[in-house]
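Novice: Need the 3D shape of this:
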Amino acid sequence: MNKNYLLILICLLFFSLGHAQDLLKFSLKGKISNAIDSTAIDGTTLLNLTTIDGTVSDKNGLFEIDTQENDTILISHIGFESIKLKITRDLSKGTELDIQLHPKIEQLEEVRVHKLIGVLEIDIKNVPKDKYNRVHINGLPQTYEIRKNNSSVSSLSVGKALTNPVDFVYNLFGKKPKKLRDLKELKEKDATREILTNRFDREIILDYLQMDLNELTEVLSECNYSTFFIQKATDLQLIEAVLECYENHKAIKKGSTSKELKNN
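Specialist: Numbers count the residues shown, from 1 in each chain. Below is the predicted model:
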């Protein structure tokens, strides 16, 4: 009986290895532009969420990034709606991507304009929202994901994190160590370090932690980081702060008083 189980496991292993070898690797090229006026957008971040590699578009909006079939690319720029692009085999056929980003619309509950003669009330929720595809690939099917807000899920998770919000990060990394490895890679790789050093929008770290900004602020506040630091620090500094917070909390759990984050 045990031999049969062993044989099955070996077969599954060879199947998985063979499938992984079949995944196609290729360089993805294209241009990032504004969907409103088609002008090029330079400095757009393209982050491979699978391999933790990244790049930015140049002054002409052009980019090139190494990918593999089934990877997911986060495309983001301050002031624009972010998208997630799922890499498929079709994208390897040499067609350059024409990616159009739409400006973010501030989500206001209600706007009131007061004048001398009466009140004009505008409910922003009734304003039609843009429904056009963010990514256009000539001759190929549309393949993209719009980044979703996970605040409702993460709020529930944090609410269960005992009385200390730091426990949420500690438990998150404990149950999903890949998230910890990914954050460490983000801060250690030269390409992503450069990207994070010039970003202040918190989108990447919030995406990895599945938290919203209020929850991240609460966690860092519990770790004795000042409000000024939380607001003014770069994304790279915040990632380092979260990792140090986790390491110190882990040391406390094990009976120590504090543990410095190792710089590899």
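Novice: Then residue 183 would be within a helix, right?
Specialist: Yes. Under DSSP: H, G, I helix; E, B strand; the rest coil, residue 183 falls within a helix.
Novice: I figured it hits residue 244, correct?
Specialist: No. Judged on Cβ atoms under 8 Å, residue 183 makes no contact with residue 244 at a distance of 11.2 Å. All C-beta atoms are positioned from the backbone trio N, CA, C, and that covers glycine.
Novice: So between the two, which is more surrounded?
Specialist: Between residue 183 and residue 244, residue 183 has the larger neighbour count (other Cβ atoms under 10 Å), namely 21 against 17.
Novice: list the contacts for that one?
Specialist: 205, 208, 239, 242-243 (Cβ atoms under 8 Å, 6 or more residues apart in numbering).
Novice: Go through those residues and give me the one with the most neighbours.
Specialist: That'd be residue 242 among the contacts of residue 183, by other Cβ under 10 Å, with 26 neighbours.
Novice: Apart from its chain neighbours, what residue comes closest to it?
Specialist: In this structure, residue 242 finds its nearest non-sequential neighbour in residue 169, 6.4 Å apart by Cβ to Cβ, 6 or more residues apart in numbering.
Novice: pLDDT for the contacts of residue 183 - can I get that in a markdown table?
Specialist: Below are the contacts of residue 183 laid out as a markdown table (pLDDT from 0 to 100):
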| residue | pLDDT |
| --- | --- |
| 205 | 92 |
| 208 | 87 |
| 239 | 95 |
| 242 | 93 |
| 243 | 94 |
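Novice: what's the closest of those to residue 22?
Specialist: residue 208 (28.1 Å; Cβ to Cβ).
Novice: And stretch 183-202, end to end?
Specialist: End-to-end span of stretch 183-202 (Cα to Cα, to the nearest Å): 13 Å.
Novice: Buried residues, that stretch. List them.
Specialist: In terms of neighbour count (16 or more other Cβ atoms under 10 Å), stretch 183-202 has its buried residues at 183-184, 186-187, 189, 191-192, 195-196, 199, 202.
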